[in-house]
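**Student:** I need the structure of the sequence given here:
(one chain, ligands or ions: 1)
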Amino acid sequence: MPKGIYLRTEEHKRKIRNSALRGERNPLWQGGEFKDKRGNIFVLNPDHPFCDNKGYIRKHRLIMEQKLSRYLNPKEDIHHLDYNKENNHPSNLYLFPNRKEHTKYHHFLKNLVLESIGYKYKCKGREKDYQKEQNKKWRQKNPNYWREYNERKKK
Ligand SMILES: [Zn+2]
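**Tutor:** Residues are numbered from 1 along each chain as shown. As a prediction, the model looks like this:
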């Protein structure tokens, strides 16, 4: 058999089962919390009506529920105001009635940032028109800029 490949015997399977890094045996175990690849923190809470099939619930939902003193509707969605999913302080959480409204808000923020650096919408034609317009406005505001710039260059 090639190196590194071996059959799992019953004995081996039993060993894996017994020493499996589950729950408290896992060095990453922190009182029933774990973090997924996207940074969401999950808490073990098998009694929660909306926990997943393994008994976990997203920590930010739990904290929002404590803040509101009610269970969240599964449709309701949480936004992290500082974009850090690990910061689940109640003041960092904002409740949206559904995923759609949450996504809409992200698009709104994105457009705001793009506009602030001179972009407007994804449409190429409109983008060009927008830049032309901005250049025109800028020239009107600074009518002597290029003349002064060239004079400065000569010196
Ligand atoms: Zn968000």
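**Student:** Any figure for the gap between Y119 and K128?
**Tutor:** 11 Å (Cβ to Cβ, to the nearest Å). C-betas here are computed from N, CA, C, even on glycine.
**Student:** The two - which one has more neighbours?
**Tutor:** Using other Cβ atoms under 10 Å, the more surrounded residue of Y119 and K128 is Y119, with 13 against 10.
**Student:** pretty sure the more buried one is in a helix, no?
**Tutor:** No: secondary structure assignment (DSSP: H, G, I helix; E, B strand; the rest coil) places Y119 in coil, not in a helix.
**Student:** change the start of the numbering to 26 and stick with it
**Tutor:** Noted, 26 is the first residue going forward, which turns the last one into Y144.
**Student:** average pLDDT for stretch 89-104?
**Tutor:** Averaging the model's pLDDT scores along stretch 89-104 yields 95.
**Student:** who's in contact with that stretch?
**Tutor:** 74-75, 83, 85-86, 115, 118-124, 126-127, 130 (Cβ atoms under 8 Å, 6 or more residues apart in numbering).
**Student:** so how far is the first residue of that stretch from its last?
**Tutor:** One end of stretch 89-104 to the other measures 11 Å (Cα to Cα, to the nearest Å).
**Student:** Measure how far it is from the centre of its chain, please.
**Tutor:** Relative to its chain's centre, stretch 89-104 lies at 18 Å (Cα atoms, centre = their mean, to the nearest Å).
**Student:** likewise stretch 132-148?
**Tutor:** Worked out by Cα atoms, centre = their mean, stretch 132-148 lies 19 Å from the chain centre.
**Student:** which parts of it are buried?
**Tutor:** The neighbour-count check on stretch 132-148 (16 or more other Cβ atoms under 10 Å) flags nothing as buried.
**Student:** would you put the C-alpha positions of that stretch in CSV?
**Tutor:** The C-alpha trace of stretch 132-148 is given here as CSV (Å, rounded to 0.1, in the frame of the first residue of the first chain):
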residue,chain,number,x,y,z
HIS,A,132,-26.2,48.1,-1.8
PHE,A,133,-27.1,51.5,-0.5
LEU,A,134,-23.9,51.7,1.5
LYS,A,135,-21.8,50.4,-1.4
ASN,A,136,-23.3,53.1,-3.8
LEU,A,137,-22.6,55.7,-1.2
VAL,A,138,-18.9,54.8,-1.0
LEU,A,139,-18.7,54.5,-4.8
GLU,A,140,-20.3,58.0,-5.2
SER,A,141,-17.9,59.5,-2.7
ILE,A,142,-15.0,58.4,-4.9
GLY,A,143,-16.6,59.7,-8.1
TYR,A,144,-18.4,56.6,-9.4
LYS,A,145,-22.1,56.5,-10.2
TYR,A,146,-23.9,53.4,-11.1
LYS,A,147,-22.5,50.4,-12.9
CYS,A,148,-23.7,51.6,-16.4
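**Student:** Good, we can wrap up now.
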